[in-house]
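Q: no FASTA, just this:
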């Protein structure tokens, strides 16, 4: 792992292959072999290694997900789609796999009604019951009928934008708690705003709340599958936590979306390692 952190993927590969040789039933060994091969540009061999890891632990959705990311990057998007589907069948709450599935589905122009997606995508809301042709007569008129509640007013986009801008200004001044409050309010008013969720993650990280920051990144990806910045942010947090395996997974997912950001993530991880030493 240290060699891989220093971009010595050939050296890391030799060690991981030795681990796989000595422990041929260890899925993680083959997964790490696959990662190094992928970084060395040996995509076909990487795919074989990830397939071996998945075969050894078919119940672990991470291997199907990793394989899908490499297949996606190599242009084999139909096969990647199958891998993401398998990952979600093993773990329906696998947010990253769902985000990757949505990205791949959009690329392939696959409709949500495709039979393969049955039980995977959220079910469409049931249609309202048909109105009766004629209302039944009321037994007794209400003397003080209760008015139906008024529809909630939709928050104007300018309000959300103002909250996000306010949080950014506070964050740049180092007022992380106040920035968090502004961005939290933005997510309360607009739960589907991926940028606000991601910004919350950055503030939570600065406040030392790493696990909550990870959850905020996941919320951003749920709101906007394939949101590269959220993968980047989560990768940075994992790197600061010293979770190299998680960083590699974020890199693999990010590389399928934005190669430049993926490279920045690896470089940032190296910088953190050097400063810690």
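A: It's in. Because the structure is a prediction, the values reported are computed rather than measured.
Q: For residue 86, which residues are in contact?
A: Neighbour list for residue 86: 61, 64 [criterion: CB atoms under 8 Å, 6 or more residues apart in numbering]. (Glycine included, C-beta is placed from N, CA and C.)
Q: What helix or strand is it located in?
A: Using DSSP states H and E, residue 86 maps to helix 77-90.
Q: quick one: buried residues of that helix?
A: 77, 79-88, 90 (16 or more other CB atoms under 10 Å).
Q: Same question for stretch 174-193.
A: For stretch 174-193, by 16+ other CB under 10 Å, it's 176, 178-187, 190, 193.
Q: Can you name the two of these that sit furthest apart?
A: 176 and 190 (21.2 Å; CB to CB).
Q: so where is the stretch 101-250 of the chain shaky, pLDDT-wise?
A: For the stretch 101-250 of the chain, the stretches flagged by pLDDT under 70 are 121-155.
Q: Now with 50, please.
A: 123-153 (pLDDT under 50).
Q: Closest one of the buried residues of stretch 174-193 to residue 157?
A: Of all the buried residues of stretch 174-193, residue 157 sits closest to residue 190, with 8.3 Å by CB to CB.
Q: How about the closest one, nearest residue that isn't a chain neighbour?
A: Nearest non-adjacent residue to residue 190, counting by CB to CB, 6 or more residues apart in numbering: residue 160, 4.9 Å away.
Q: Backbone dihedrals for that neighbour, please?
A: phi -60, psi -50 (degrees, to the nearest 10).
Q: Check whether it really touches residue 196, as I assumed.
A: Yes: Residue 160 is in contact with residue 196 according to CB atoms under 8 Å; the separation is 7.1 Å.
Q: Now do the shared contacts for these two.
A: 186, 190.
Q: Compare these two (neighbour count), which wins?
A: Neighbour tally, residue 160 and residue 196, criterion other CB atoms under 10 Å: the higher count belongs to residue 196, 26 against 18.
Q: same for the following helix or strand past the helix holding residue 86, what does it pack against?
A: The helix or strand immediately downstream of helix 77-90 is helix 95-108, counting by DSSP H and E. Contacts defined by 3 or more CB pairs under 8 Å, 6 or more residues apart in numbering; DSSP states H and E place helix 95-108 against helix 61-73, helix 77-90, helix 210-223, helix 244-255.
Q: got the buried residues for helix 95-108?
A: 95-105.
Q: Let me know the closest of those residues to residue 2.
A: Among the buried residues of helix 95-108, and counting by CB to CB, the member closest to residue 2 is residue 96, at 25.4 Å.
Q: Enumerate every residue touching the residue nearest to the closest one when sequence neighbours are not counted.
A: Distances taken as CB to CB, 6+ apart put residue 253 closest to residue 96, at 6.0 Å, once the chain neighbours are dropped. Listed by CB under 8 Å, 6+ apart, the contact set of residue 253 reads 69, 96, 99-100, 231.
Q: ditto for residue 18
A: Contact analysis of residue 18 by CB under 8 Å, 6+ apart lists nothing.
Q: Let me know how buried residue 31 is, in neighbour terms.
A: Residue 31 is flanked by 26 other residues according to other CB under 10 Å.
Q: Are there helices or strands packed against the helix or strand hosting it, and which ones?
A: Residue 31 is part of helix 27-39, with elements assigned from DSSP H and E. Secondary-structure packing of helix 27-39 (3+ CB pairs under 8 Å, 6+ apart): helix 2-5, helix 9-22, helix 43-56, helix 61-73, helix 244-255.
Q: deepest of the ones you listed, which one?
A: Across those, averaging neighbours per residue (mean count of other CB atoms under 10 Å) puts helix 61-73 on top, at a mean of 26.
Q: Tell me which residues are up against that helix.
A: 27, 31, 34-35, 38, 43, 46-47, 50-51, 53-54, 57-58, 77, 79-84, 86-88, 90-91, 94, 96-97, 100, 103-104, 249, 252-253, 255-256.
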